[in-house]
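**Student:** coordinates for the following, if possible.
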Amino acid sequence: MKATIIKPKTPKRRKAQPDWDQLVRQFCCPDFIPDDPISFPHYYRQHSDDWRNVELAALIAALFSYGRRDKILETVGGIFDKLGPEPAEVLQDLKEPDLQKAFDAFYYRFNTAADLIFMLGRIGEIYRQEGSLKAFWDKNCNSCDSMQLAISAFRKAFIAEGALQAPDSYGMRFLFADPMQGSAAKRFNMFLRWMVRTDDVDLGTWSDTISPSRLMMPLDTHVAYSARKYGITQRAGNDWKTVEEITAFFRQHCPQDPVKYDFALFGLGILEKNA
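**Tutor:** Okay, here's the model as predicted:
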């Protein structure tokens, strides 16, 4: 009997790579801001002296960034129209009945008024107890060994450790997706990119509490498409493992700021979509 010879699989060759840094320079520009949800924290940075309004606007805008862009801007804009020019101060003083009166008609896709009222009420409670969302992050997350653990710790402390009862809803679980359960946590990673990095687009409001080197790639459909097209990942699912693979690839290019390449991947994905 002849021995069976098993030939090793030939590894797939990675497609020729574009100039990633040039693409970052191309797509990371102020023209990106007005039609993007990041316009809300930029507005408060320009029009308010209270930096907490920037982190607050960033968290709400990022977590509701799903669906059509025009509907995201309409929905988030409606929230801040009610909260006014100093939303952090307003939430610090408002009680739950006031929030229910202001937002009882709220509805956006997966999220109901109960989800939003809890979220705003919990932020107000955090401001009364800790002073800011940044201080809340420092207390609950900065000692975590990985960003996966840190985001999960923020989620747990935000949802389960306050006086308010969080809705047991799909919408709440969707807003605060848990990377320890495999979620890519795209919107929270985007929030952290906005708050930590500093350039013409990202705000850098939390740059003194988290290093950009720790950030993980916000994985949306455009980023995932570009990453697969150029052989950065072979994974089919948009989960945390895929986030780790893509981030690890770009850490080889820029260990101190791997997530800046989000602009390059996203921009390429949009160009392909519109081609």
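**Student:** please count neighbours and contacts with C-alpha atoms only from this point.
**Tutor:** OK.
**Student:** buried residues in stretch 157-171?
**Tutor:** Neighbour-count burial for stretch 157-171, counted by 16 or more other C-alpha atoms under 10 Å, picks out 157-159, 166-167, 171.
**Student:** and Thr112, bridged to which residues?
**Tutor:** Tyr107 (DSSP bridges).
**Student:** from Lys71, how far out is it?
**Tutor:** When C-alpha to C-alpha, to the nearest Å is the yardstick, Thr112 and Lys71 sit 15 Å from each other.
**Student:** compare the two (neighbour count), which wins?
**Tutor:** Thr112 (19 against 15; other C-alpha atoms under 10 Å).
**Student:** would you agree that one is in contact with Gly171?
**Tutor:** Yes: distance between Thr112 and Gly171: 7.3 Å, which falls inside the contact criterion (C-alpha atoms under 8 Å).
**Student:** hmm, who's touching stretch 28-45?
**Tutor:** With contact meaning C-alpha atoms under 8 Å, 6 or more residues apart in numbering, stretch 28-45 is reached by 51, 53-58, 61-62, 65, 69, 72-73, 77, 85, 194, 200-201, 203, 263.
**Student:** now, of these, which are buried?
**Tutor:** Of all the contacts of stretch 28-45 considered here, the ones buried according to neighbour count by 16+ other C-alpha under 10 Å are 53-58, 61-62, 65, 72-73, 194, 201, 203, 263.
**Student:** okay, now the closest residue to Asp208 other than its chain neighbours: neighbour count?
**Tutor:** When the adjacent residues along the chain are set aside, Asp208 lies closest to Val196, with 8.0 Å between them (C-alpha to C-alpha, 6 or more residues apart in numbering). Val196: 23 surrounding residues under other C-alpha under 10 Å.
**Student:** wait, what's in contact with Val196?
**Tutor:** 202-208, 210-212.
**Student:** need the phi and psi values for the nearest residue to Ile159 once chain neighbours are set aside.
**Tutor:** Beyond its immediate neighbours in the sequence, the residue positioned closest to Ile159 (C-alpha to C-alpha, 6+ apart) is Ala166, lying 6.0 Å away. Summarising the backbone geometry of Ala166 under the convention degrees, to the nearest 10, its torsions are phi -70, psi 140.
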